[in-house]
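Visitor: Okay, structure incoming, though there's no sequence with it:
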């Protein structure tokens, strides 16, 4: 009855929003398309959230200068062409890259897109007190110079052998300067109208946004291709669970597309057998991982909890972190959680192949005895025979939190069991995904706040070069009150050797040399236990058979080519 109630509720929403949807002769000819993102977006401004649900929803409206296609190839988007050394777009000293906007680009309100908007986007994300979630994309940028109305030159403070970080991919789109002019610095989160209804260049524009619930879009009448998108209206509904989402596409056909289906392989296969839709998978760089909190989340510390002021009393010891990893049976996690859509990984960087280290393969085998020995060596012993180790009057008890979905709760249960076998008491907490991955600086339950000992979630990077992604673990990228809890270094890990490698990567050209440094950075993160990789995850979504044109993409937003989607009338 609970699932039926959810299904009826979302159907009512879709039917209500369907009313009034109009089709034009070409653009909008296929009426309405309905997407179910069971982790509902909380904002449509990707600069205020690191959550995939928000970044992907925003990508329907906001676009970058270039992005990555489904093969991982960088392609020009709002830019006329890709700047290279060969075509003169990158300076010989590797300190400048020049982008030229397509001619005739317009915002959805009819005003022209200009170089001033590109420069403003940099100003917006780097403004003091902004708490920009994508700030690492602009590391090393010293200026963005407007050459003319269509041309900007991005200037770096040092040679950048890979200068395609700013304004590339779904995490770094262009904002309209006029709309966000009063939203710089600390004012950014309070600009509700702009954050919930950004004016963009994408195939759709926002007509209604209800945070953590539903977003409604209509075809952008000023989209640069007059025949696209095929749909006049797009409804992105949030709520429910991954199971509900899969059923509404694969079993009932009530929705056209369901995102991020972290379901057991058997359950997904049984739904697909109904014949209404099909699951789609693409492997890229998504890694389900455990993140270790290097700071103390004790509520008794008040505003200083989970900050660098207080190191973690248990997990600061690398032997404990190593023991946690050794006790995990990753092959079982893959079998139970993902089946063909998952692979065991011991690396934070599983792909591209050039960046995948071979130095961490020992994690593929569970080693409970070795894990127990490490805890003994660290002084954790079961002094009272209750099955839980203790030391200096403190029990070896940890809180593991994650978002709410069936696979992650299964993983929590298995981790609790395995860690219990080596004398660790594990308490479990799960938080609604819309809250957990949201960007609300006031919420105590976001993964950025990290008010727990360990967290489990997935992360990835767009494109095929990991420099920007790896920069997220630099010491200065830890979320703080001053940054409004934005920052990619969720675990507050700080290693000067790692930062030095990051500096070297930023100066290094040539794929082989860059790959070697990236592998070293991966090894530092993994071998120091800052992150414990679990599963190399394929992106799994599903669509009804009548929905065509989808090109599943693990390197950018899944919705990267939504302008090309269309309806097939006869699918039998």
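Guide: Arrived safely, thanks for sending. These numbers were taken from a predicted model, which means no experiment stands behind them.
Visitor: What is the neighbour count of residue 174?
Guide: Residue 174 has 24 neighbouring residues, counting by other C-beta atoms under 10 Å. (Each C-beta comes from the backbone N, C-alpha and C, glycine too.)
Visitor: element containing it?
Guide: Residue 174 is part of no helix or strand when elements are defined by DSSP states H and E.
Visitor: Would you agree it is in contact with residue 65?
Guide: Yes - with contacts counted by C-beta atoms under 8 Å, residue 174 reaches residue 65, the gap being 7.0 Å.
Visitor: distance between stretch 343-363 and the chain's centre?
Guide: 19 Å (C-alpha atoms, centre = their mean, to the nearest Å).
Visitor: Could you list the buried residues of it?
Guide: Residues of stretch 343-363 classed as buried by neighbour count (16 or more other C-beta atoms under 10 Å): 344-352, 355-357, 360, 363.
Visitor: ok so, going back, return every residue with contacts to both of residue 174 and residue 65.
Guide: Residues touching both residue 174 and residue 65 by C-beta atoms under 8 Å, 6 or more residues apart in numbering: 78, 118, 167.
Visitor: Which of those fall in helices?
Guide: Mapping the shared contacts of residue 174 and residue 65 onto helices (DSSP state H) picks out residue 118.
Visitor: Most neighbours among the shared contacts of residue 174 and residue 65, which one is it?
Guide: residue 167 (27 neighbours).
Visitor: Just the pLDDT for the residue nearest to that residue when sequence neighbours are not counted.
Guide: In this structure, residue 167 finds its nearest non-sequential neighbour in residue 65, 4.3 Å apart by C-beta to C-beta, 6 or more residues apart in numbering. With respect to pLDDT, residue 65 scores 98.
Visitor: How about the contacts made by residue 65?
Guide: 76, 77, 78, 79, 99, 101, 118, 167, 168, 174 are the contacts of residue 65 under C-beta under 8 Å, 6+ apart.
Visitor: List the contacts of the last one.
Guide: So the one you mean is residue 174. By C-beta under 8 Å, 6+ apart, residue 174 lies in contact with 62, 63, 64, 65, 78, 113, 117, 118, 121, 167, 201.
Visitor: wouldn't the first one be in contact with residue 200 here?
Guide: Yes - taking contacts as C-beta under 8 Å, residue 62 lies within contact range of residue 200: 4.5 Å.
Visitor: Identify the contacts common to the two.
Guide: Residues within reach of residue 62 and of residue 200 at once, by C-beta under 8 Å, 6+ apart, are residue 173.
Visitor: Between those two, tell me which one has more neighbours.
Guide: residue 200 (27 against 24).
Visitor: now the more buried one: how far from residue 261?
Guide: 27 Å (C-beta to C-beta, to the nearest Å).
Visitor: same question, residue 442
Guide: In terms of C-beta to C-beta, residue 442 sits 31 Å off from residue 261.
Visitor: So if I had to pick from those two, which one is more boxed in?
Guide: residue 261 (25 against 9).
Visitor: Next up, the contacts around that one.
Guide: 242, 245, 246, 268, 279, 540, 541, 542.
Visitor: how does it look with 6 Å?
Guide: Counting by C-beta atoms under 6 Å, 6 or more residues apart in numbering, residue 261 makes contact with 242, 246, 540, 542.
Visitor: Test my guess that the first one contacts residue 259.
Guide: No - because the distance of 9.0 Å does not satisfy C-beta atoms under 6 Å, residue 242 is recorded as not touching residue 259.
Visitor: Now do the shared contacts for the two.
Guide: Both residue 242 and residue 259 lack any common contact, where contact means C-beta under 6 Å, 6+ apart.
Visitor: what's next to the helix or strand hosting residue 247, contact-wise?
Guide: Element membership for residue 247 (DSSP H and E) is helix 242-250. For helix 242-250, contacts defined as C-beta under 6 Å, 6+ apart pick out 6, 36, 38, 254-255, 258, 261-263, 271-272, 276-277, 405, 542, 544.
Visitor: go on, stretch 262-272?
Guide: So stretch 262-272 is contacted by 242, 246, 250, 251, 279, 339, 405, 407 (C-beta under 6 Å, 6+ apart).
Visitor: Ok, stretch 554-572 next?
Guide: 30, 56, 59-60, 67-68, 72, 169-170, 203, 228-230, 282-284, 462-463, 539, 545-546, 548-549, 551, 553.
Visitor: mind checking how far that stretch is from the chain centre?
Guide: For stretch 554-572, the distance to the chain centre is 20 Å (C-alpha atoms, centre = their mean).
Visitor: With stretch 537-556 instead?
Guide: 16 Å.
Visitor: and if you look at stretch 251-270?
Guide: 20 Å.
Visitor: For that stretch, which residues meet the burial criterion?
Guide: Buried residues in stretch 251-270 (16+ other C-beta under 10 Å): 251, 253-265, 267-268.
Visitor: Same check on stretch 542-552?
Guide: 542, 543, 544, 546, 547, 549, 550, 552.
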